[in-house]
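K.L.:
sequence? don't have it. structure:
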């Protein structure tokens, strides 16, 4: 399956793309304005069901809220996943506003401030330590509040994961404690009043190669097996990271989730059960859960020919969809899947370059895209918009209003 197969997950009703069973034209009227993001509730549920069917029963699913922190999305997922991972106290508040128990929320990320760590300790969530300084601050917060903090060590592994869109482990990193420094950190915490639960290893994101992810999971279990010898007690928490990618361009092939599931089954039934029988084994996913469940809908404002090239200009742009413009981690820009949402059954008549409303040549949403006869007021729909869309974009750039978000 490729990125174009994502489009097939959405229904077409009377020639219009539908999200949550609602044609985009009617949905635009319901929202009241364009542009907007729309997330399909059923597709979110279906994605979790796929993961449950394919991964071993012992695997706990954690949703990384940074992928899409819309409160309605997080609330919906709170009844489907086993835990949440947050990267700020703002995300922590969103997580704690759901029925998810605080002890199933983890807090990762570098440069946590004293105030943030105080909040996290008071909330009773699991703090993933990224440095010795953070460890000292958490100990102090626990003493001041009279609370025994729950912590895990985020480990920067001694191996790198190839093929990831963004590498977050191996070599020098701002993320985590270098693997070789973990024993010394644990030794320094022996007499601290901390509940040290275990380890978190996250090597990279947006990886479409199952064999690389499987190798990383095996190496992670081997590494944690060595580091666990220095824990003050049994290993209770083993976060293997995630990094599962989704296809963005036509040539991208979907991740072989079956191969991932088989590899995890071998690890769970073998070394993990043998060495860590008490551990909660976590796979942490963000983009893979929400990315393909969302669309970005923007309206055609103008169109023109310029020296033989057709331009379609819309009321949205990179200030809402930085990733689709090619300015969020892409080395070579590639088009996201894009359709004229209200003309799904119209024949292609040519190509157009879809640009946003910002006064910069960077504001490119689709370059030479095959389209039907595009008219003013048509609705352009960009797919793969469920993750790292609105909150990963420069919404204040040039002062345009923020888009709406809906879960349908």
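P.N.:
Cool, the structure landed. This structure is a prediction, so every number in the text was calculated from the model and none was measured.

K.L.:
By mean pLDDT, which helix or strand of this structure comes out lowest?
P.N.:
Of all helical and strand segments in the chain, the minimum by mean pLDDT, DSSP states H and E falls on strand 166-167, at a mean of 53.

K.L.:
Show the subsequent helix or strand relative to that one.
P.N.:
Using DSSP states H and E, the helix or strand that follows strand 166-167 in sequence is strand 177-178.

K.L.:
strands paired with that following strand, and their directions?
P.N.:
strand 150-156 (parallel) (DSSP bridges).

K.L.:
which residues touch residue 154?
P.N.:
Each residue near residue 154 by Cβ atoms under 8 Å, 6 or more residues apart in numbering is listed here: 108, 128-130, 175-177, 199-202. Bear in mind the C-beta positions are built from the backbone N, C-alpha and C, glycine included.

K.L.:
Could you tell me which of these belong to helices?
P.N.:
With helices taken from DSSP state H, there is no overlap with those.

K.L.:
Next, work out how far apart residue 21 and residue 10 are.
P.N.:
10 Å (Cβ to Cβ, to the nearest Å).

K.L.:
how much space is there between the closest residue to residue 359 other than its chain neighbours and residue 69?
P.N.:
Nearest non-adjacent residue to residue 359, counting by Cβ to Cβ, 6 or more residues apart in numbering: residue 398, 6.6 Å away. Residue 398 sits 24 Å away from residue 69, going by Cβ to Cβ.

K.L.:
For the chain, identify the residue most remote from the centre.
P.N.:
The centre of the chain is farthest from one residue, residue 307, which by Cα atoms, centre = their mean lies 40.2 Å away.

K.L.:
Let me see the backbone angles for that one.
P.N.:
phi 50, psi 50 (degrees, to the nearest 10).

K.L.:
Likewise for residue 365?
P.N.:
phi -100, psi -20.

K.L.:
Please name the bridge partners of the closest residue to it other than its chain neighbours.
P.N.:
In this structure, residue 365 finds its nearest non-sequential neighbour in residue 354, 4.5 Å apart by Cβ to Cβ, 6+ apart. Beta-bridge partners for residue 354, by DSSP bridges, are residue 312, residue 366.

K.L.:
all helices for the chain, in order.
P.N.:
Under DSSP H, the chain gives helices at 4-8, 24-31, 41-54, 71-78, 89-96, 114-123, 132-145, 182-188, 210-227, 257-267, 273-275, 287-290.

K.L.:
Low-confidence regions, the stretch 51-200 of the chain specifically.
P.N.:
Low-confidence segments of the stretch 51-200 of the chain, defined by pLDDT under 70: 161-171.

K.L.:
Give me the buried positions along stretch 89-107.
P.N.:
Buried positions in stretch 89-107, judged by neighbour count with 16 or more other Cβ atoms under 10 Å: 89, 91-92, 94-96, 98, 100, 102, 104-107.

K.L.:
Equivalent analysis for stretch 193-211, please.
P.N.:
Neighbour-count burial for stretch 193-211, with 16+ other Cβ under 10 Å as criterion, is recorded at 194, 196-210.

K.L.:
what's the span of it, first residue to last?
P.N.:
Its first and final residues considered, stretch 193-211 spans 41 Å by Cα to Cα, to the nearest Å.

K.L.:
gap between it and the chain center?
P.N.:
How far stretch 193-211 lies from its chain's middle: 14 Å, per Cα atoms, centre = their mean, to the nearest Å.

K.L.:
Next: stretch 293-311.
P.N.:
With Cα atoms, centre = their mean, you get 27 Å for stretch 293-311.

K.L.:
Show me what counts as buried in that stretch.
P.N.:
Buried residues in stretch 293-311, defined by neighbour count with 16+ other Cβ under 10 Å: 293-300, 303, 310.

K.L.:
Format these as a markdown table; extra columns: pLDDT and distance to residue 371.
P.N.:
Listed next are the buried residues of stretch 293-311 as a markdown table, based on pLDDT from 0 to 100; distance: Cβ to Cβ, whole Å:
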| residue | pLDDT | distance to residue 371 |
| --- | --- | --- |
| 293 | 97 | 24 |
| 294 | 98 | 21 |
| 295 | 98 | 16 |
| 296 | 98 | 16 |
| 297 | 98 | 15 |
| 298 | 98 | 14 |
| 299 | 98 | 15 |
| 300 | 98 | 10 |
| 303 | 96 | 10 |
| 310 | 97 | 9 |
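
K.L.:
Just those residues: which are in strands?
P.N.:
Among those, the members falling in strands (DSSP state E) are 294-300, 303, 310.

K.L.:
And these, which is closest to residue 41?
P.N.:
residue 294 (10.8 Å; Cβ to Cβ).

K.L.:
which residues does residue 99 contact?
P.N.:
Contacts for residue 99 (Cβ under 8 Å, 6+ apart) come out as 78-79.

K.L.:
Give me the distance between it and residue 340.
P.N.:
Between residue 99 and residue 340 the distance is 40 Å, computed by Cβ to Cβ.

K.L.:
List the buried residues of stretch 272-284.
P.N.:
Those would be 272, 276, 279-284, for stretch 272-284 by 16+ other Cβ under 10 Å.

K.L.:
tell me the two of these that are most distant?
P.N.:
Pairwise over the buried residues of stretch 272-284, using Cβ to Cβ, the maximum falls at 276 and 284, 17.1 Å.

K.L.:
now the buried residues of stretch 89-107 as TSV including distance to residue 38?
P.N.:
Listed next are the buried residues of stretch 89-107 as TSV, based on distance: Cβ to Cβ, whole Å:
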residue	distance to residue 38
89	28
91	22
92	26
94	19
95	23
96	26
98	21
100	24
102	31
104	28
105	27
106	29
107	29
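
K.L.:
farthest pair in those?
P.N.:
89 and 104 (17.0 Å).

K.L.:
what residues does stretch 20-36 touch?
P.N.:
Here stretch 20-36 makes contact (Cβ under 8 Å, 6+ apart) with 11, 13-14, 16-19, 38, 40-42, 295-299, 314-316, 320, 341-342, 379, 381, 403-408.
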